[in-house]
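> coordinates only, sequence not included:
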C-alpha cells in the first residue's frame, strides 16, 4: 500500500496511538489502513459407490499452482457466511450440487495471512463439470489421490484427515474437527 | 475506497473479467482491490471454584458498545494463527494467563463482514487485570452473567452454548463445536 484509499496522500508506516503494530497511516486524513488475514473456504464433496467413498477434486486452471489438484475452495466474500462460501466455491469451480455438512478442518497459514476452512459435503448427483478456474474435475478413491500433485498443503492435510476419519466412521466412530497450523521457516529477508 | 492504494488514481466500481462481483478497480494500473470478511477471535476463560465454573468477562472501554460486557476478543492480525490471536486478545484485554483449548464456536455475521471464533480456555491464575480496551474485568457464575448488558450477540450465543455444554460435560458428555449465523433483516437502502 502506497497511497491512502480515502484521499490519495502517500501513506506512512507507523504505530498508531494505543496500538502495538505498524500500520499504513494517512498523514493527511488520519485513516489507519488495517490489513487482516483472509479466509479461504471450500468443501470435501464425497460420493459413495459400492461402499467406497470417492472425493471430488479440481485441476487448477489458474495460478498459483496451475495444473495441480485441489478441493474446490476460494476466498470468502463479504455478505456471505462460511457455509455459503463453501457451497458457492463448490458450484463455481466444480459445477457440483452438494449437501453441505459440518466444518471439518481449520488450517492456519500465517505467512500468507490466510485461514483455510473445509466443510464435509455429499455430492447429490454426478452432474459436475469444470468451472472457469478448473481444467478438469474428477472423483478419486483414496488409493488414486494424486498426492504428489496436490496444489496446497492445506488440501493434502484435509484429505488425509478425511480418509483417516472415514475409517473410524466405518467402525462406528465420528468425524471430528481437525485444526492444524502450517508455518514457513523464517528467512532473514521476510518482511511479513 | 476512493483512490487506488498503488497509484492514487480514482478507482471505479466494475465487474472484472472472469468475475461475478463488483470490485474497486484502478483504471490506470489495473489493480483489483478485493475486500473480504475479517475474523474476530477470542476465548472463554473459565475458572472453577467449589465445582462451579465462572467465566471471565471484560467491560468495554471502547466503542462500539462502550460499557457493555464481552468475552476477550478482537481482530485477528496478519502473521498469527487463530489460536495465537485468541491468546493475544485475552492477554491484551483481560491481562489473563490462560491455557487455550479447542475451537468452541464459529459465528458468521455477514452484514458486517465478520466471522467470530471463540476458543475454550482455562485461567491459570487470578492475576487478571483490565487492559487499555477494558474498564473492568471480572469472573461471573452462570446465574450472574449480565445477559442484558452483553456487547455482541456472538458473545451471548457463545456463553449460552458454553453453559449448556458444561451441564453435559458434568454428566460425562463432551464440549462440541457450535456454528451459528446471525443475519440482519435486509433493508431497502442496504448497500452491502
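Perfect, thanks for sending it. Because the structure is predicted, anything quoted here is derived from the model rather than measured.

> what is the burial count for residue A:80?
18 (other CB atoms under 10 Å in any protein chain shown). All C-beta spots, glycine's among them, are computed from the backbone N, C-alpha and C.

> could you list which residues are in contact with it?
A:88, B:110 (CB atoms under 8 Å, 6 or more residues apart in numbering or on different chains).

> repeat that for 10 Å
Residue A:80 is in contact with A:41, A:86, A:87, A:88, B:37, B:108, B:110, B:113, B:181, counting by CB atoms under 10 Å, 6 or more residues apart in numbering or on different chains.

> likewise for residue A:18?
Contacts of residue A:18 by CB under 10 Å, 6+ apart are B:62, B:132, B:133.

> helix or strand: which one has it?
Per DSSP states H and E, residue A:18 falls between elements, in no helix or strand.

> what is the end-to-end distance of stretch A:140-152?
17 Å (CA to CA, to the nearest Å).

> what about it, near chain B?
No: shown here: stretch A:140-152 not in contact with chain B (CB under 10 Å from any CB of the partner chain), separated by at least 16.5 Å.

> got the contact list for that stretch?
Here stretch A:140-152 has contacts from A:40, A:49, A:52-60, A:64-71, A:73, A:107, A:109, A:112, A:114, A:116, A:138, A:156-160, A:162-164, A:166-167, A:182, using CB under 10 Å, 6+ apart.

> those in strands, which ones?
A:40, A:49, A:52-60, A:69-70, A:73, A:107, A:109, A:114, A:116, A:138 (DSSP state E).

> what average pLDDT does the biggest helix by length in chain A get?
Longest helix in chain A, counting residues (DSSP state H): helix A:153-170. Averaging pLDDT along helix A:153-170 gives 97.

> from residue B:117, how far off is residue A:119?
15 Å (CB to CB, to the nearest Å).

> which of the contacts of residue A:80 lies closest to residue B:171?
residue B:181 (28.7 Å; CB to CB).

> for the nearest residue to residue A:10 once chain neighbours are set aside, grab the count of nearby residues.
The shortest distance from residue A:10 to any non-neighbouring residue, by CB to CB, 6 or more residues apart in numbering or on different chains, is to residue A:3 (5.8 Å). Here the count is done by other CB under 10 Å, and residue A:3 has 20 residues near it.

> just checking, residue A:3 touches residue A:27?
No: using CB atoms under 10 Å, residue A:3 is not in contact with residue A:27, being 11.5 Å away.

> give me the residue ranges of chain A where confidence is low.
A:185-192 (pLDDT under 70).

> most distant residue from the middle of it?
The centre of chain A is farthest from one residue, residue A:28, which by CA atoms, centre = their mean lies 37.2 Å away.

> ok, that residue to residue B:3 distance?
12 Å.

> coming back round to it: from residue A:9, how far off is the residue farthest from the centre of chain A?
Counting by CB to CB, the gap from residue A:28 to residue A:9 is 4 Å.

> ditto for residue A:96
In terms of CB to CB, residue A:96 sits 47 Å off from residue A:9.

> just how off-centre is stretch A:92-108 within its chain?
Computed by CA atoms, centre = their mean, to the nearest Å, the chain-centroid distance of stretch A:92-108 equals 10 Å.

> next: stretch A:136-150.
17 Å.

> and that stretch, which residues are buried?
By neighbour count on 16 or more other CB atoms under 10 Å in any protein chain shown, the buried set for stretch A:136-150 is A:137, A:138, A:139, A:142, A:145, A:150.

> so the first one makes contact with residue A:55?
No: if you go by CB under 10 Å, residue A:137 and residue A:55 don't touch, sitting 11.3 Å apart.

> mutual contacts of the two, please.
residue A:45.

> show me what the longest helix of chain A is packed against.
Applying 3 or more CB pairs under 10 Å, 6 or more residues apart in numbering or on different chains; DSSP states H and E, one finds that helix A:153-170 contacts strand A:38-49, strand A:52-60, strand A:69-70, strand A:73-75, strand A:98-109, strand A:114-123, strand A:178-181.

> now it: buried residues?
So for helix A:153-170, counting by 16+ other CB under 10 Å, buried means A:154, A:155, A:156, A:157, A:158, A:159, A:160, A:161, A:162, A:163, A:165, A:166.

> give me the domain ranges for chain A.
A:1-35, A:38-181 (automatic domain parsing).

> deepest of the ones you listed, which one?
domain A:38-181 (a mean of 18; mean count of other CB atoms under 10 Å in any protein chain shown).

> ends of that domain, how far apart?
So domain A:38-181: terminal residues 15 Å apart, CA to CA.

> that one: how far from the chain's middle?
The answer for domain A:38-181 is 8 Å, by CA atoms, centre = their mean.

> quick one: contacts for residue A:133?
By CB under 10 Å, 6+ apart, the neighbours of residue A:133 are A:58, A:60, A:61, A:62, A:70, A:72, A:74, A:89, A:92, A:93, A:94, B:18.

> next one: the residue nearest the centre of chain A from residue B:140, what distance?
In chain A, the residue lying closest to the centroid (CA atoms, centre = their mean) is residue A:40, at 3.4 Å. Applying CB to CB, the value for residue A:40 to residue B:140 is 36 Å.

> the residue farthest from the centre of chain A and residue A:11 touch, don't they?
Yes: counting by CB under 10 Å, residue A:28 does reach residue A:11; the two are 9.3 Å apart.

> shared neighbours of those two, anything?
Contacts common to residue A:28 and residue A:11, judged by CB under 10 Å, 6+ apart, are residue A:4.

> mind checking the end-to-end distance for stretch A:17-35?
17 Å.
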